[in-house]
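> have a look; sequence and predicted model below, questions after that.
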Amino acid sequence: MKKILLIGKDGQVGWELQRALILLGEIKAVDVADCDLTNPDQLKSLIRTYNPNVIVNAAAYTAVDKAESDEQVANAVNAIAPQIMAEEAALSGALLIHYSTDYVFDGTKAGFYAEDDVTHPLSVYGATKLAGEIAIQKSGCEHLIFRTSWVFAARGANFAKTMLKLAKQREELKVVGDQFGAPTSAELLADVTALCIRQKLQAPSESPDGVYHLVANGETTWHAYARYVIKTAIDIGQDLKCLPENVISIPASDYPVPAKRPQNSKLNTSKIRITFGINLPDWQYHAHRMLSEILAN
Ligand SMILES: NC(=O)C1=CN([C@@H]2O[C@H](COP(=O)(O)OP(=O)(O)OC[C@H]3O[C@@H](n4cnc5c(N)ncnc54)[C@H](OP(=O)(O)O)[C@@H]3O)[C@@H](O)[C@H]2O)C=CC1
Ligand SMILES: Cc1cn([C@H]2C[C@H](O)[C@@H](COP(=O)(O)OP(=O)(O)O[C@H]3O[C@@H](C)C(=O)[C@@H](O)[C@H]3O)O2)c(=O)[nH]c1=O
Ligand SMILES: [Mg+2]
């Protein structure tokens, strides 16, 4: 029986991992109350005491704008803590699963980003997540790093839920229309993670360590995504003040925020699809499911 340590159990992805990983073995699931990732000694002692075969790290400092003025904590959680997990995994032989982000790129590429394309984060969040990736790769531990984007879930905070809330309050919404990416469901991430762990444990030579892009199929903009969310909610029967046609597209330059986001967040998923033999559905598949779930009374 495999022992799995799930760190960040109450986040969007962590919550879904509690469901998906239980099929693989015994889980110890923790969050900040059990282990504060800014405390390296607490983290080391957690890992050494439980001595897991697999560590899955779904915890992160994800407040992108706040990170600009809180670099030390963001770095502790997104870079130093994963480094410690990786060093411990290298010592014990555990497999480490970690998540990273489209925000490691600057978004200037024309097409979809491949795993080995040049990184160049525009934000503190992106830079600290990249530092975490690099530390894991340097440690020599067995690992899979899943770079994903625009995560949503029924449980937790995300852009889709923010749009629903704003659409109840306002008749018109202005949303950035010149940033491109793929909204990706925490449910999908958790299910694919479980499949990949299983393959990696059973056939390590067929599943090399490294970075894998893992996002839903298709592409959209924040503006088109907001419209989709509002239109779907209305179709499901929600009474919203803002109609889809009153979601106005604006350039990012008209939406001033502390952290700069990449214009192009599109990630090429060939590597994970081929290596692990998985189908990645269009982003609308899980988005519709999530909206149906949270809007059902
Ligand atoms: N959200 C997104 O759009 C995207 C996320 N990702 C990556 O995917 C992964 C999962 O993200 P997601 O589930 O959305 O993140 P969430 O923000 O939903 O969850 C992150 C979890 O980490 C916990 N955490 C934060 N700081 C600490 C700390 N000091 N000690 C212990 N736990 C802490 C949070 O606890 P608390 O809530 O109490 O702070 C929360 O439970 C992360 O690696 C993220 O970088 C990648 C691309 C997009
Ligand atoms: C709320 C709001 C946001 N926006 C814009 C701002 C920004 O360009 C875009 C998304 O804003 P958010 O702050 O919700 O998203 P943001 O926090 O940037 O989301 C990112 O989170 C991290 C954790 C990741 O790793 C990324 O993949 C990505 O999902 O939408 C509007 O245009 N209008 C609005 O009313
Ligand atoms: Mg945010």
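Structure's in. What do you need? Ligands and ions are numbered 1, 2, ... in the order given.

> going forward, measure contacts and count neighbours with C-alpha atoms only.
Fine.

> pretty sure residue 140 contacts residue 91?
No: using CA atoms under 8 Å, residue 140 and residue 91 do not qualify as a contacting pair, with a distance of 9.4 Å.

> comparing those two, which residue is more hemmed in?
More neighbours sit around residue 140 than around the other of residue 140 and residue 91, counting by other CA atoms under 10 Å; the figures are 15 against 12.

> tell me who's in contact with the more buried one.
Contact criterion CA atoms under 8 Å, 6 or more residues apart in numbering gives 86-87, 90 as the residues in contact with residue 140.

> swap in residue 68?
Residue 68 is in contact with 123-125, 258-259, counting by CA under 8 Å, 6+ apart.

> and if we set it to 7 Å?
Residues in contact with residue 68 (CA atoms under 7 Å, 6 or more residues apart in numbering) are 123-124, 258-259.

> find me the pLDDT at it, would you?
On pLDDT, residue 68 comes in at 98.

> now it: phi and psi?
In terms of degrees, to the nearest 10, the main-chain angles of residue 68 are phi -60, psi -30.

> check the gap between it and ligand 2 for me.
Separation of residue 68 from ligand 2 (CA to the nearest ligand atom, to the nearest Å) stands at 12 Å.

> tell me the residues of the protein that contact ligand 1?
If contacts are counted using CA under 6 Å from any ligand atom, the residues of the chain sitting beside ligand 1 are 8, 10-14, 31-32, 35-38, 58-62, 77, 99-101, 148-151, 156.

> also near ligand 2: which of the residues you listed, exactly?
The overlap between the residues of the chain next to ligand 1 and the neighbourhood of ligand 2 (criterion: CA under 6 Å from any ligand atom) consists of 62, 101, 149-151.

> of the residues you listed, closest to residue 172?
Nearest to residue 172, judged by CA to CA, of those is residue 150 at 22.6 Å.

> burial count for the nearest residue to the closest one once chain neighbours are set aside?
Leaving aside its chain neighbours, residue 150 sits nearest to residue 183 (4.6 Å; criterion: CA to CA, 6 or more residues apart in numbering). For residue 183, the number of neighbouring residues by other CA under 10 Å comes to 27.

> now the helices for the stretch 1-150 of the chain?
Remark: helices assigned in the stretch 1-150 of the chain by DSSP state H, counting those that start in this stretch are 12-21, 40-50, 64-67, 71-75, 81-92, 124-139.

> export these to a markdown table and tack on distance to residue 204?
Written out in a markdown table, the entries for the helices of the stretch 1-150 of the chain read as follows (distance: least, CA to CA, whole Å):
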| stretch | distance to residue 204 |
| --- | --- |
| helix 12-21 | 18 |
| helix 40-50 | 22 |
| helix 64-67 | 35 |
| helix 71-75 | 31 |
| helix 81-92 | 16 |
| helix 124-139 | 16 |
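
> quick one: closest of these to residue 202.
Ranking those by proximity to residue 202 (CA to CA) places helix 12-21 first, at 15.4 Å.

> okay, buried residues for the closest one please.
Using 16 or more other CA atoms under 10 Å as the test for burial, helix 12-21 gives 12-18, 20-21.

> out of these, who's nearest residue 214?
Proximity of the buried residues of helix 12-21 to residue 214 was ranked by CA to CA; the top entry is residue 13 with 12.9 Å.

> enumerate every residue touching the closest residue to the closest one other than its chain neighbours.
Closest residue to residue 13 apart from its sequence neighbours, by CA to CA, 6+ apart: residue 186 at 4.7 Å. By CA under 7 Å, 6+ apart, the contact list for residue 186 reads 12-13, 16, 151-153.

> can you report phi and psi for the closest residue to residue 283 other than its chain neighbours?
If you skip the residues right next to it in sequence, residue 283 has residue 216 as its closest partner in space, 4.9 Å away by CA to CA, 6+ apart. Note on residue 216: its backbone torsions stand at phi -70, psi 160 [degrees, to the nearest 10].

> ditto for residue 284
According to degrees, to the nearest 10, the main-chain angles of residue 284 amount to phi -70, psi -30.

> now residue 250
Residue 250 has phi and psi values of phi -130, psi 160 when expressed as degrees, to the nearest 10.

> that older thread, please identify which of the ones next to ligand 2 among the residues of the chain next to ligand 1 is nearest to residue 131.
For these, the closest approach to residue 131 (CA to CA) belongs to residue 101, at 11.7 Å.
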